[in-house]
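>>> Fold the following and give me the result.
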Amino acid sequence: MLNINYYTTSIGRTLYVFKFLKNQRAFTLVEILAAFVLLVVVISFFLTSLPQMNKFNNLTGENLNATHVAKDILVNVKKKKFNELYSMTANSSLTLQDGTLTILQVNGDGTSINPLILKGEYKSLPVEIIVKNIDNDSQLRPFTINIKRESTVITKTHGYISN
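Residues are numbered from 1 along each chain as shown. Predicted structure coming up:
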């Protein structure tokens, strides 16, 4: 048995929806062009920022790599004695757990006035280790590890080494 009421009410609902759609205006060509221009401006803004984000990501990666290198050197240098570092000469190497620190230049004698400075290269990064003596009675000497990019220090790490 057919329910005629059901069909008439569903047709009435459909006509009711079309009544509102019939009263709506379509988009004009000017509105479409304005929306397109706005979309182009927004997309161009994001496209111009991509190279800057890429450069920032590369610098962050270099800084992270330098921090890992400084940590490797710090852990291994802390195991050494000051006399081992003091006896190093240019073109010597300091064997570390993950590689070799090649010493290119040695300056100073490790006093507070004239600190011992070892300049070298580790994992293709320039490294500078500065060891000084603050107190002659102390069993520990403070040292600083600088990892550089050209002449700029990327990261700096501090530690103590025994006499």
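
>>> Extract the residue ranges of the chain that are flagged as low pLDDT.
1-26, 112, 136-137 (pLDDT under 70).

>>> Grab the longest helix from it for me.
When the chain is scanned for its longest helix (criterion: DSSP state H), the result is helix 29-77.

>>> Just give me the residue closest to the centre of the chain.
To find the centre residue of the chain, average its C-alpha atoms and take the closest one (Cα atoms, centre = their mean): that gives residue 60, at 1.9 Å.

>>> sorry, back to before: please name every helix or strand in contact with the longest helix of the chain.
Applying 3 or more Cβ pairs under 8 Å, 6 or more residues apart in numbering; DSSP states H and E, one finds that helix 29-77 contacts strand 93-96, strand 116-122, strand 125-131, strand 140-149, strand 152-162. All C-beta atoms are positioned from the backbone trio N, CA, C, and that covers glycine.

>>> who wins for proximity to residue 106 among these?
Proximity to residue 106, assessed across those by Cβ to Cβ, is greatest for strand 116-122 (5.8 Å).

>>> ok, residue 95 - contacts?
Under the criterion of Cβ atoms under 8 Å, 6 or more residues apart in numbering, the contact partners of residue 95 comprise residue 101.
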